[in-house]
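Q: return atomic coordinates for the entry below.
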Amino acid sequence: MQTLRNTFLIAATELSRALVTRRGLISLAAFTLLWMLILTAIIRTAPMLVQNGASIGSMLGSETILSIAKWKVEEFGVHWFIGLYVFPICCVFYAADQTASDRTRGTLKLLTLHTSRSSLFLGRFTGMMAVQAIVIALTLISTLVVAALRDPALITGSVANAWFIWVNLMIVLAPYTALMAVISLFAKSGMQAMTYASILWIVLLFVIYWLSSRFPEAVLLKSIFPGSQISALVKHHDWSSLGTVLIPAIQTLVFLALGIFIMQRVDL
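A: Numbering: from 1, shown residues only. Presented below is the predicted three-dimensional model:
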């Protein structure tokens, strides 16, 4: 019970640090500017984009484009497509420094005097997930406002779509956040953690490509990458998407277990 309590206290501290500190506010401001650009330039023009995309998709036989056109509220169909590719990239940048800088400054060792290493690791992960949950919710609210301004009758459908997208994006981001939590244990800064993540991705992709060219079954190794289900997930627009939850769930649990194991043994 004490471990669980400490985990949530650390998560709350991480959340407040992201929303109150100068560094956290700068990161949120940068993302806000990016999202306002996406909202005004792309999502606001979603009905026209989807209509044109559906025509192109019919000619090219693109299942992805045609599936986006099936959304009753076009703004959320475009949000869904953009979010599945933009938010994971933002997650890698934002979640890179979960423990790296604190370990370099010696703050991490001080924190372990008051809580266990497992609580500290899981608390930072939970805090990062909480911050992303709030950010995603705000992007969905802004999309709902845009859709409601176009047609107030879309509010009911928009709420249902927003809930669907929020749940699925949180599932998608969980393994990315967990993996960056592990990589952060080996880095001295967030930038170094992102560099390590890039190198790891490139090396693993090369190895899997090389193996699959000789052993076709090796292509299944791609499932070790977070986001491996996105190409299938983007075609969903209803709760059948939960059929893809197994892979990210296993990835998240494996990364968290690995992170706790390393956290217990790494020199803080």
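Q: can you tell me the helix or strand for the residue nearest to Ile68 when sequence neighbours are not counted?
A: When the adjacent residues along the chain are set aside, Ile68 lies closest to Gly77, with 4.5 Å between them (CB to CB, 6 or more residues apart in numbering). In this view, the C-beta of every residue, glycine as well, is placed from N, C-alpha and C. Following DSSP states H and E, the helix or strand that holds Gly77 is helix 74-94.
Q: ok, Phe261 next?
A: According to DSSP H and E, Phe261 maps onto helix 246-265.
Q: if we can go back for a sec, need the CA coordinates for the helix holding Gly77. CSV is fine.
A: The C-alpha trace of helix 74-94 is given here as CSV (Å, rounded to 0.1, in the frame of the first residue of the first chain):
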residue,chain,number,x,y,z
GLU,A,74,-14.9,14.4,-40.3
GLU,A,75,-12.9,16.5,-37.9
PHE,A,76,-12.3,13.5,-35.7
GLY,A,77,-11.5,11.2,-38.6
VAL,A,78,-8.6,13.6,-39.5
HIS,A,79,-7.6,14.0,-35.8
TRP,A,80,-7.5,10.2,-35.5
PHE,A,81,-5.2,9.9,-38.6
ILE,A,82,-2.9,12.7,-37.5
GLY,A,83,-2.8,11.7,-33.9
LEU,A,84,-1.7,8.2,-34.6
TYR,A,85,1.4,9.5,-36.2
VAL,A,86,2.1,12.8,-34.5
PHE,A,87,1.6,11.9,-30.9
PRO,A,88,4.0,9.0,-30.8
ILE,A,89,6.7,11.3,-32.2
CYS,A,90,5.9,13.9,-29.6
CYS,A,91,5.9,11.2,-26.9
VAL,A,92,9.5,10.2,-27.7
PHE,A,93,10.6,13.8,-27.4
TYR,A,94,8.6,14.6,-24.3
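Q: could you number the chain from 612 rather than 1 from now on?
A: With the count now opening at 612, the last piece we talked about shows up as helix 685-705.
Q: helices or strands next to the helix or strand just after it in the packing?
A: Counting by DSSP H and E, the next helix or strand C-terminal to helix 685-705 is helix 711-716. Applying 3 or more CB pairs under 8 Å, 6 or more residues apart in numbering; DSSP states H and E, one finds that helix 711-716 contacts helix 718-722, helix 801-825.
Q: give me the mean pLDDT for helix 711-716.
A: The average pLDDT for helix 711-716 rounds to 77.
Q: got the buried residues for it?
A: For helix 711-716, burial by neighbour count (16 or more other CB atoms under 10 Å) applies to Ala711, Ser712, Asp713, Arg714.
Q: what would the residues you listed look like in TSV with distance to Trp682?
A: Below are those laid out as TSV (distance: CB to CB, whole Å):
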residue	distance to Trp682
Ala711	39
Ser712	41
Asp713	42
Arg714	44
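Q: and which of those is nearest Ser851?
A: Ser851 has its nearest neighbour among those in Ala711, at 38.6 Å by CB to CB.
Q: quick check, central residue of the chain?
A: For the chain, the residue nearest the mean C-alpha position is Leu784 (2.7 Å; CA atoms, centre = their mean).
Q: what sits against it?
A: Counting by CB atoms under 8 Å, 6 or more residues apart in numbering, Leu784 makes contact with Phe698, Pro699, Cys702, Met740, Gln743.
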